[in-house]
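*Asks:* Fold the stuff below for me.
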Amino acid sequence: MFKWLNRFFKKTKKTNLENLEYLVFGRFFSDNYGTYEIYKLTRSELLVDKRELWHNERHTKNGYTFVGELMSQEKFELIKDLINQVPNDMLDENLNGFYTTGNKNEDKLIVEICDGILKKEITIDDYEIETENLPTELRKFRLLIESKIKELD
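*Replies:* Model (predicted):
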């Protein structure tokens, strides 16, 4: 019976990932005094939040809310397939969310997904987790996001 339930939930998770409404992603380095941006990718557009508020708002009562401006169609075309490449491991792993605190030094990959029902936020901090210990697909996704952020700069 447990095998059947496990298969059922894995199929449910796969369906959710195939129907994502949006993917939010970005990088935050606490010891970098430069700017940082958070991106929101939907099936039809790419937006950017340049307010640099994520690191503070995540600890407030209401939390971080993405407020972005539309980016060019060229930039969207560069990364539009990223929304289809979110690995199942993101749902399976017990990773920190946006609102967790940790080391005072932070090197965080920020990811949020939503399919209209499911919403999941994660952070992967190089100071707290050895990235080589991440599941292979999640590690590849992290590297893919990092490369896409560089393309957008």
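
*Asks:* number of nearby residues for residue 19?
*Replies:* Residue 19: 12 surrounding residues under other Cβ atoms under 10 Å. (C-beta placed from N, C-alpha, C; glycine too.)

*Asks:* Contacts only, for it.
*Replies:* Residues counted as contacts of residue 19 (Cβ atoms under 8 Å, 6 or more residues apart in numbering) are 115-116.

*Asks:* gap between it and residue 40?
*Replies:* Look at residue 19 and residue 40: by Cβ to Cβ, to the nearest Å, they are 17 Å apart.

*Asks:* where does the protein have low pLDDT?
*Replies:* 1-16, 30-34, 56-60, 93, 96-107, 126-132 (pLDDT under 70).

*Asks:* repeat that with 80
*Replies:* Within the chain, the ranges that satisfy pLDDT under 80 run 1-16, 28-36, 52-64, 91-109, 118, 122-134.

*Asks:* Going along the chain, name the helices of it.
*Replies:* Using DSSP state H, the helices of the chain run over 2-18, 54-57, 73-79, 89-92, 136-152.

*Asks:* Give the other helices and strands that the fourth one contacts.
*Replies:* So that's helix 89-92. Of the remaining helices and strands, those touching helix 89-92 by 3 or more Cβ pairs under 8 Å, 6 or more residues apart in numbering; DSSP states H and E are helix 2-18, strand 119-125, helix 136-152.
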